[in-house]
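Trainee: heads up, no residue letters with this:
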């Protein structure tokens, strides 16, 4: 029997002082909820779904209830989930009012012949399966949107055409948060889940890496599991979650694989803000980022309680 382990993240980027404590509490709660399932011989798939759903219900994170707004002030959420034993996966995008996108992603995986369903089609599936709805438009996100709008009007936000250059110049202006979880259960199966509201001020219809299998989420029992957070376009171009798992498949640890992937981001994408969490088939965890913060937590049988932090291994070089 494999010792179970779970790792969660609540987003890379710059965590403002007023959000830091809430972020630590939130990822700790998510890790504990997922690990309780693993302790009772539950599956890694159930664990990552529950952990991600807990963070979707927490306004401090950019997912579910805390989702950021598009440039035209709308909610467009996305999520994915994958289990490593059979490579089954489900993903959803452009959701308006589904309370827990990650639960809908699992329904797509288990109840349809598809992997990725968006917009009205995904909302219809949520209706058929009686998923709880919720208006995720909050005063907190509305105020953040208004603040950014005023910065634009005052000329304090240089809207460059290349997204990574804009974020490098003004990292404090964008919510790059995403929530995610990876787990290994007692049966030796891995799973991963990722959910997000996307990038603040994104264009309507924009899809990031979170619902794209191999980019923001990947799990394979022959390698491990990975969830990404940061600039979605970067993770898409590098197929970052799968490339991290492929590195594990080639014989390195989860931590080494995460650091290698962040170095790749630094070299090929000019250090655009990214963070990764991973677990390998030996139960070793990995967490790394090149951003100022990564809100994350993990739990194993040895920890007794979640270990949480606002930083993991910061990787600045591109060797």
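Mentor: In hand now; what should we look at? Predicted, not measured: the structure shown is a model, and the values here were computed from it.

Trainee: Give me the below-cutoff pLDDT ranges for the stretch 151-300 of the chain.
Mentor: Under the criterion pLDDT under 70, the flagged ranges of the stretch 151-300 of the chain are 151-176.

Trainee: same thing but 90
Mentor: When residues are selected by pLDDT under 90, those of the stretch 151-300 of the chain lie in 151-177, 199-203, 270-272.

Trainee: those strands in it, which residues are they?
Mentor: Remark: strands assigned in the stretch 151-300 of the chain by DSSP state E, counting those that start in this stretch are 179-184, 190-196, 217-220, 224-230, 274-280, 285-289, 293-299.

Trainee: Give the buried residues for the last one.
Mentor: Pointing back at strand 293-299 there. Within strand 293-299, the residues scored as buried using 16 or more other Cβ atoms under 10 Å are 293-299. (C-beta placed from N, C-alpha, C; glycine too.)

Trainee: and the longest helix for the chain?
Mentor: The single longest helix within the chain, with elements called by DSSP state H, is helix 17-39.

Trainee: Output the contacting helices and strands for that one.
Mentor: Helix 17-39 sits against strand 5-13, helix 44-56, strand 179-184, strand 293-299, strand 307-309, with contacts defined as 3 or more Cβ pairs under 8 Å, 6 or more residues apart in numbering; DSSP states H and E.

Trainee: I'd like the mean pLDDT over that helix, please.
Mentor: Taken as a whole, helix 17-39 has a mean pLDDT of 97.

Trainee: Off-centre distance for that helix?
Mentor: On the basis of Cα atoms, centre = their mean, to the nearest Å, helix 17-39 sits 14 Å off its chain's mean C-alpha point.

Trainee: hmm, who's touching that helix?
Mentor: Outside helix 17-39, the residues that touch it by Cβ atoms under 8 Å, 6 or more residues apart in numbering are 4-11, 15, 43-44, 46-48, 50-52, 54-55, 58, 60-61, 179, 181, 183, 185-186, 295-299, 301, 305-306, 308-310.

Trainee: if we can go back for a sec, go through the helices and strands packed on helix 17-39 and name the closest to residue 281.
Mentor: Each of the helices and strands packed on helix 17-39 has some distance to residue 281 by Cβ to Cβ; the shortest is strand 179-184, at 7.1 Å.

Trainee: Name every strand pairing with the closest one and say which way it goes.
Mentor: Here the strand partners of strand 179-184, with direction, are listed using DSSP bridges: strand 5-13 (antiparallel), strand 190-196 (antiparallel).

Trainee: So what's the gap between that strand and the chain middle?
Mentor: Here strand 179-184 is found 8 Å from its chain centre; the criterion is Cα atoms, centre = their mean.

Trainee: In it, which residues are buried?
Mentor: In strand 179-184, counting by 16+ other Cβ under 10 Å, buried: 179-184.

Trainee: wait, which of those residues is closest to residue 234?
Mentor: residue 180 (15.3 Å).

Trainee: Wait, the closest one touches residue 195, no?
Mentor: Yes. At 7.3 Å, residue 180 and residue 195 qualify as touching, with contact defined as Cβ atoms under 8 Å.

Trainee: Identify the contacts common to these two.
Mentor: With Cβ under 8 Å, 6+ apart, residue 180 and residue 195 have common neighbours 52, 210.

Trainee: what's the neighbour count on the nearest residue to residue 212 once chain neighbours are set aside?
Mentor: Counting by Cβ to Cβ, 6 or more residues apart in numbering, residue 236 is the residue found nearest to residue 212 once chain neighbours are left out, at 6.2 Å. For residue 236, the neighbour count with other Cβ atoms under 10 Å is 17.

Trainee: Which pLDDT value goes with residue 69?
Mentor: 85.

Trainee: what do you get for residue 141?
Mentor: The model's pLDDT for residue 141 equals 63.

Trainee: Please apply the same query to residue 77.
Mentor: For residue 77, pLDDT reads 96.

Trainee: mind checking how far the nearest residue to it once chain neighbours are set aside is from residue 204?
Mentor: Sequence neighbours aside, residue 95 is the residue nearest to residue 77 in space, at 4.2 Å (criterion: Cβ to Cβ, 6+ apart). Per Cβ to Cβ, to the nearest Å, residue 95 is found 13 Å from residue 204.

Trainee: Over to residue 77?
Mentor: Here the criterion is Cβ to Cβ. By it, residue 77 lies 13 Å from residue 204.

Trainee: the more surrounded of those two?
Mentor: Higher neighbour count among residue 77 and residue 204: residue 77, with 31 against 11, using other Cβ under 10 Å.

Trainee: In stretch 209-227, which residues are buried?
Mentor: Under 16+ other Cβ under 10 Å, the buried positions of stretch 209-227 are 209-221, 223-227.

Trainee: and stretch 72-87, how far apart are its ends?
Mentor: By Cα to Cα, to the nearest Å, the extent of stretch 72-87 from end to end equals 36 Å.

Trainee: Before I go, just wanted to say thanks for your time.
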